[in-house]
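> just a sequence and a predicted model for now, questions to come.
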Amino acid sequence: MIVLRPWFLFAVLLCFTSPGAVSAARPNVLFIVADDLNDWVGCLGGHPQTRTPNLDRLAARGTLFANAHVQAPLCNPSRVSVMTGLRPSTTGIYGLAPSHRNAAATREVVTLPQHFARHGYLTASFGKVFHHNSPADRRYTNEFTVWGIAPMPRLPPQKFVATPDPEPWMDWGVFPPEDNDQGDVQVANAALRQLAAVPPGRPWFVAVGFFLPHVPCYVSQPWFDLFPPEAEIVLPPWVADDRADVPDFAWLLHWKQPEPRLSWLRENRQWRPLLRAYLASIAFLDAQVGRLLAGLETSGQHTNTIVVFWSDNGWHLGEKDITGKNSLWERSTRVPLIFAGPGVARGAVCHQPVELLDLYPTLAALAGLPPPAPVEGRSLVPQLRRASARRAAPAITTHNPNNHAVRSAHWRYIRYADGSAELYDHRTDPHEWTNRVHEPRLARVVREHARWLPTNNVPPVPGSKGRVLSETNGVWYWEGRRVQWSELEK
């Protein structure tokens, strides 16, 4: 395995963050996002065999939000929500397309990096930050001051796993042979090389989007070697009749997609191989984050830099009989969220329900910037000062119109567009195995959570596609094709 020498990254960061380059009153922001990373992070305890020493150290020197949730369990609407501060039910962006600049509700919105740029910050993007990274497109030219590379994953000549869907990205295995071939390594290196040329004198907001552990779960052999053989990989919690008390409508939220069902993984002996590949991909991601953080600390600028790490959505690995995202259950909505740096309590864990929607107002407040234009999130500064501080609202996740999950400190309430619902008590049922929505004595809990459901549910914007569920005259359509229950794959 080829190792990229850490001194190179340290030197670049030293050049970019030279002494005197940043005013103490204006902290830098290192904004790191992972793709499809669920709670399989050591400090969150999501899987006993995961290896994330760097993220664990980051959490130890900052504040970990242990009950953080996305606004949409899908890349594009989740990232649009973070960057605009608006809910999917407000913008109408529910699918993988269109981009935020191609939708009327967000075409002229001031995004998070633009807000920082308007107040004197150098802003830069490297890797997958927005779902649509198109600096050549004139609609994106003002999104960041600097646009770096955002390479697509390399693919082998043929898929390793013949999944039911021929989608080439739906794959996992040992590839490529060397870490230098990985796009995430290239993103980090290219970003740091370009930033080395930026003149000092301005605070900076640098966004780095890592692709892994998104499929294809490809990493080189040494990362697989960190884990036991496949037969010894611990399976996630699962029960055979998990969906017996779940409304049938839940299937519509992940009706037809490339991610295979658990039934297929079990039949083809691919469950544990996928788990091991996902764990290896997480370990590789963690190492890249560690290199960035080590370089920042060596530069001496870590004391004046706010670091925030998050993921755009979770990922099922067999729970509820599915793999992938596109659900309103805990496995799909809960993600890591870590803050560290000036103004952030060290070694703290916040168990209050929070939303990624909160990132925009929180970072603006930490940087001492004026409040952003009307956004729907709430600043987390009180929780960053004192982790036990109460947040006055639950976390809300939306997937396609009128389908919402409301996550409070102890409960998850789900309401689907057809009126069916679920209710889980996380104090006694952390895996959401027992739907209690019909228990009469819990009617008050249902009412308390239902009052938070968004009242503004705009339809999908024109051009919506990519895992979009729609309804016309009582008939449901997935990707424009009428849903036929006879075609349900379990």
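Happy to help now that I have it.
> could you use CA atoms for every contact and neighbour count after this?
Noted.
> what about Leu155, how many residues nearby?
For Leu155, the tally of surrounding residues (other CA atoms under 10 Å) stands at 14.
> let me fix that, I meant to ask about Pro247.
15.
> now do the one 5 residues further on
Residue crowding around Leu252 was assessed by other CA under 10 Å; the count is 21.
> which ones are touching it?
Leu469, Trp478 (CA atoms under 8 Å, 6 or more residues apart in numbering).
> next one: His47
By CA under 8 Å, 6+ apart, the neighbours of His47 are Asp39, Trp40, Val41, Val234, Pro236.
> mind giving me the ChimeraX command for buried ones among these?
Buried residues among these (16 or more other CA atoms under 10 Å), as a ChimeraX selection:
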select :39,40,41,236
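> can you tell me which of the contacts of His47 are in strands?
The members of the contacts of His47 all map outside strands under DSSP state E.
> mind putting the contacts of His47 in TSV, distance to Val375 and pLDDT included?
Output for the contacts of His47, formatted as TSV (distance: CA to CA, whole Å; pLDDT from 0 to 100):
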residue	distance to Val375	pLDDT
Asp39	27	98
Trp40	30	98
Val41	29	98
Val234	41	98
Pro236	37	98
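> between the contacts of His47, which is nearest Ser470?
For those, the closest approach to Ser470 (CA to CA) belongs to Asp39, at 29.9 Å.
> mind listing what the closest one touches?
Counted by CA under 8 Å, 6+ apart, Asp39 has contacts Gly45, Gly46, His47, Gly314, Arg331, Arg334, Val335, Pro336.
> state the pLDDT value of the nearest residue to Leu285 once chain neighbours are set aside.
Excluding its sequence neighbours, the residue lying closest to Leu285 (CA to CA, 6 or more residues apart in numbering) is Leu212, at 6.1 Å. If you check Leu212, the pLDDT there is 97.
> from Tyr218, how far off is Leu212?
Separation of Leu212 from Tyr218 (CA to CA, to the nearest Å) stands at 9 Å.
> give me the common contacts of the two.
Ser281.
> which parts of the stretch 301-450 of the chain are helices?
Under the criterion DSSP state H, counting those that start in this stretch, the stretch 301-450 of the chain contains helices at 330-333, 359-366, 381-385, 443-450.
> so which of the ones you listed gets nearest Thr91?
That would be helix 359-366 among the helices of the stretch 301-450 of the chain, by CA to CA, at 16.2 Å.
> tell me the mean pLDDT over that closest one?
In this model, helix 359-366 has a mean pLDDT of 98.
> that helix packs against which elements?
helix 75-84, helix 381-385 (3 or more CA pairs under 8 Å, 6 or more residues apart in numbering; DSSP states H and E).
> most tightly packed of these?
helix 75-84 (a mean of 27; mean count of other CA atoms under 10 Å).
> that helix packs against which elements?
Looks like helix 75-84 contacts helix 88-91, helix 112-117, helix 359-366 (3+ CA pairs under 8 Å, 6+ apart).
> a markdown table for these, including distance to Glu319?
Formatted as a markdown table, these follow (distance: least, CA to CA, whole Å):
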| stretch | distance to Glu319 |
| --- | --- |
| helix 88-91 | 25 |
| helix 112-117 | 34 |
| helix 359-366 | 28 |
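> just name the most buried of those.
helix 88-91 (a mean of 24).
> quick one: it to chain centroid distance?
Chain-centre distance of helix 88-91: 18 Å, with CA atoms, centre = their mean, to the nearest Å.
> still on that earlier bit, what helix or strand is the residue nearest to Leu285 located in?
Assigned by DSSP states H and E, Leu212 falls within no helix or strand.
> and it, how far from Leu274?
Taken as CA to CA, the span from Leu212 to Leu274 is 14 Å.
> kindly report the same for Thr90.
For Thr90, the distance to Leu274 - CA to CA - is 36 Å.
> tell me which helix or strand in this structure has the weakest average pLDDT.
In the chain, the helix or strand scored least confidently by mean pLDDT, DSSP states H and E is helix 6-16, which has a mean of 38.
> quick one on the thing from earlier: so the residue nearest to Leu285 sits right up against Gly127, yeah?
No: using CA atoms under 8 Å, Leu212 is not in contact with Gly127, being 10.9 Å away.
> what sits in contact with each of the two?
Asp184.
> report the contact partners of Val246.
Residues near Val246 by CA under 8 Å, 6+ apart: Glu422, Asn435.
> helix, strand, or coil at it?
coil (DSSP: H, G, I helix; E, B strand; the rest coil).
> contacting residues around the nearest residue to Val110 once chain neighbours are set aside?
In this structure, Val110 finds its nearest non-sequential neighbour in Thr84, 6.9 Å apart by CA to CA, 6+ apart. Shown in contact with Thr84 (CA under 8 Å, 6+ apart): Thr106, Val109, Val110, Thr111, Leu112, Tyr360, Val375.
> count of neighbours near the first one?
By the measure other CA under 10 Å, the count of residues near Thr106 is 20.
> so what's it closest to, chain neighbours aside?
His100 (5.4 Å).
> looking at it, the one you found is touching Thr111, isn't it?
No: if you go by CA under 8 Å, His100 and Thr111 don't touch, sitting 9.8 Å apart.
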